[in-house]
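[1] build me a structure from this.
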Amino acid sequence: MSEQKPGWGLQFRKAIMLGPLIEDNMIIDEVTFTEAVSHFITITWKLLFAFVPPTHWGGGWPAFLVALTFIGVVTFIVGEVAGLLGC
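    Presented below is the predicted three-dimensional model:
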């Protein structure tokens, strides 16, 4: 069976979705309270990084470059906030 390669739609669904994890052997692992809280705390970052192109496009180079750019932007923002709070 050929597996369909994921696109942006699947990335955004995975970033937003909070549901039970179904493993390969069909065991359902329910969501704990801690997982739910961490999901809602980090949903902004998950949605931001869902904009990274799928890795099977262009041999992974577009995904690498966009992810590297996002990491640089986040590092710059954290540095500026740290500078403001450190004064």
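
[2] which residue lies nearest the spatial centre of this protein?
    residue 46 (3.7 Å; C-alpha atoms, centre = their mean).

[3] helices of this protein, residue ranges please.
    Applying DSSP state H to the chain gives helices spanning 8-16, 33-49, 61-86.

[4] how about residues contacting the shortest one?
    Right, helix 8-16. Contact partners of helix 8-16, identified using C-beta atoms under 8 Å, 6 or more residues apart in numbering, comprise 43, 46-47, 49-54. All C-beta atoms are positioned from the backbone trio N, CA, C, and that covers glycine.

[5] got a markdown table for those residues, with distance to residue 16 and pLDDT too?
    Output for the contacts of helix 8-16, formatted as a markdown table (distance: C-beta to C-beta, whole Å; pLDDT from 0 to 100):
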| residue | distance to residue 16 | pLDDT |
| --- | --- | --- |
| 43 | 7 | 90 |
| 46 | 8 | 88 |
| 47 | 7 | 89 |
| 49 | 13 | 88 |
| 50 | 8 | 88 |
| 51 | 13 | 89 |
| 52 | 15 | 90 |
| 53 | 18 | 91 |
| 54 | 17 | 88 |
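
[6] so of the helices of the chain, which one's packed in deepest?
    Across the helices of the chain, averaging neighbours per residue (mean count of other C-beta atoms under 10 Å) puts helix 8-16 on top, at a mean of 13.

[7] so how far is it off the chain centroid?
    Helix 8-16 sits 8 Å away from the centroid of its parent chain (C-alpha atoms, centre = their mean, to the nearest Å).

[8] if anything else comes up later, I'll come back, but that's it for now.
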